[in-house]
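Asks: predicted model and sequence below, questions to follow.
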Amino acid sequence: MTYQETLDYLYEALPMFQRVGASAFKKDLSNTIALCAHLGNPQNSFKSVHIAGTNGKGSSSHSIASVLQAAGYKTGLYTSPHLKSFTERIRIDGAEIPQESVVQFVEENKGILESLRPSFFEMTVGMAFWYFAQQEVDIAVVEVGMGGRLDSTNVLTPEFSLITNIGWDHVQFLGDTLGAIAGEKAGIIKEKVPVVISQTQEETYPVFSKVAEAKSAPIVFADQKWAVSKVKEEAGKAYFEATTADLSFQIEFDLLGNYQRFNLPGILETLHQLIQAGWTISHEAILKGLSQVSSSTGLKGRWQVLSTEPLVICDTGHNEAGIREILNQLETYQCKQLWMVLGMVQDKDITQVLELLPKDASYVFCQALIPRAMKAEDLLAKARLQGLSGVCIPDVNEAIDFARKKAAVDDLIFIGGSTFVVAEIEDL
């Protein structure tokens, strides 16, 4: 099989949640356990950091991986979904899994894939663990797909667990309260494995504390130890001040989102815990790794500036908390007119998100090329009910071109609303 034939086979044979939604969601780990057993349980042959959360788990995963790489460790990184290429999901030291390794995995395991019929995500997790074991990584940073307790990645027993912000997302699967959602995320907490919580939240604090106590897992709420504030932003870098009871230092961070102030305490505390456990990570490696997250791990779509005059920014934030942070940061920019090129998915209640959006912005509604995408005309109709006005141009890049042509040099164009809209940007 060629690489393209292999991809076609995987997309056609295995249900993919990002594309089709609920029908691809599996409510137990049996398929993953069976697949990993067939592969020789590769997840037991390398050390790992396991990261869950609603917002911030992707940025945190890439940031920790970048620092571990800067410290000289052969570092695996598993994340999802991909933006441009399937191979983005599985990396070692920033390099994507080779296409020939994807083909090899499928050819060698086609029999069990066809008999087990795992979801696309379950298969990808198995492939990642197989590849990390085969390549003998020193450590792998593994991002949860959804939830935690029943997520396919949860067959790991990591060195450390990290749980980032908890917000309203995937409520149809994870629960309709923050406490219930936190309970699902807390499923990654393992017996006697230390866990770091990035952000103290009233509804989730008791949930994490109770689970950690039951599992005898040492727990640290990172924002109670680390005070982080954004100092400035210039020349494509954000500068944050990080302070604990013992020290204070400035971080040059190449992830520009103001919301990174919520992620950095968890990132820094996880690195501190790794150091305490005997991993050799110098202060210089921390600063170097955080200054080059995008270039060393290939992270895209997090407050990414695509061009200037007019200023064009994209971000993958898509739930209520993520959109709120995006809008807060947009307000810090001086512009004549704000343009928003937006697309969303159809299996989520977007009413609260639409209520947040500014009435005086100019909107261009589009839709990603996936079955889950909300039709652009339906999004426009829902937006009008909230007092928003705009036009409907379904193709993502045609919508962006329309905004670029209409916008003045001192306007600002924001592109987002869905990870899958950002994924289709041609010049990402």
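Replies: Yep, it's here. Residues are numbered from 1 along each chain as shown.

Asks: count of residues packed around Thr280?
Replies: The number of residues packed near Thr280 is 10, by other C-beta atoms under 10 Å. For the C-beta atoms, the positions are set from N, CA and C on the backbone; glycine is no exception.

Asks: now it: closest residue in space that isn't a chain neighbour?
Replies: Residue nearest to Thr280 in three dimensions, not counting chain neighbours: Ala71, with 6.4 Å by C-beta to C-beta, 6 or more residues apart in numbering.

Asks: surely the one you found and Glu284 touch.
Replies: No - if you go by C-beta atoms under 8 Å, Ala71 and Glu284 don't touch, sitting 9.2 Å apart.

Asks: so for the two, which sits in the more crowded spot?
Replies: A direct count of neighbours by other C-beta under 10 Å for Ala71 and Glu284 places Ala71 higher, at 22 against 10.

Asks: check the spacing between that one and Phe160 real quick.
Replies: Applying C-beta to C-beta, to the nearest Å, the value for Ala71 to Phe160 is 15 Å.

Asks: then Thr297?
Replies: Look at Thr297 and Phe160: by C-beta to C-beta, they are 18 Å apart.

Asks: ok, Val391 next?
Replies: Val391 sits 48 Å away from Phe160, going by C-beta to C-beta.

Asks: looking at those two, which is more packed in?
Replies: Set Val391 next to Phe160 and count neighbours by other C-beta under 10 Å: Phe160 wins out with 24 against 15.

Asks: surely the more buried one meets Gln273?
Replies: Yes - applying C-beta under 8 Å, one finds Phe160 in contact with Gln273, separated by 5.5 Å.

Asks: against which helices or strands is whichever helix or strand Ile326 is part of packed?
Replies: Secondary structure assignment for Ile326, by DSSP states H and E: helix 320-330. For helix 320-330, the elements it packs on are helix 351-356, strand 412-416, judged by 3 or more C-beta pairs under 8 Å, 6 or more residues apart in numbering; DSSP states H and E.

Asks: can you rerun that using 10 Å?
Replies: For helix 320-330, the elements it packs on are helix 260-276, strand 311-314, strand 338-342, helix 351-356, strand 412-416, judged by 3 or more C-beta pairs under 10 Å, 6 or more residues apart in numbering; DSSP states H and E.

Asks: Asn31 reaches Phe120, doesn't it?
Replies: No - counting by C-beta atoms under 10 Å, Asn31 sits too far from Phe120 to count as a contact (11.4 Å).

Asks: so what sits against both of these two?
Replies: When C-beta atoms under 10 Å, 6 or more residues apart in numbering defines a contact, no residue borders Asn31 and Phe120 alike.

Asks: quick one, phi/psi of Ala52?
Replies: Phi and psi for Ala52, reported as degrees, to the nearest 10, are phi -120, psi 170.

Asks: that one - how many residues pack around it?
Replies: Neighbours of Ala52 under the rule other C-beta under 10 Å: 30.

Asks: what's near enough to touch it?
Replies: Applying C-beta under 10 Å, 6+ apart, the residues near Ala52 are 60, 142-149, 151, 153-154, 161-164, 166, 182, 184-189, 195.

Asks: partners of it in the sheet?
Replies: Ile163 (DSSP bridges).

Asks: gap between it and Val422?
Replies: Applying C-beta to C-beta, the value for Ala52 to Val422 is 22 Å.

Asks: count the residues that sit near Thr243.
Replies: Thr243 has 13 nearby residues by other C-beta under 10 Å.

Asks: now it: how far from Leu268?
Replies: Counting by C-beta to C-beta, the gap from Thr243 to Leu268 is 10 Å.

Asks: spit out the residues that contact those two alike.
Replies: Shared contacts of Thr243 and Leu268, defined by C-beta under 10 Å, 6+ apart, are found at 225-226, 228, 249.
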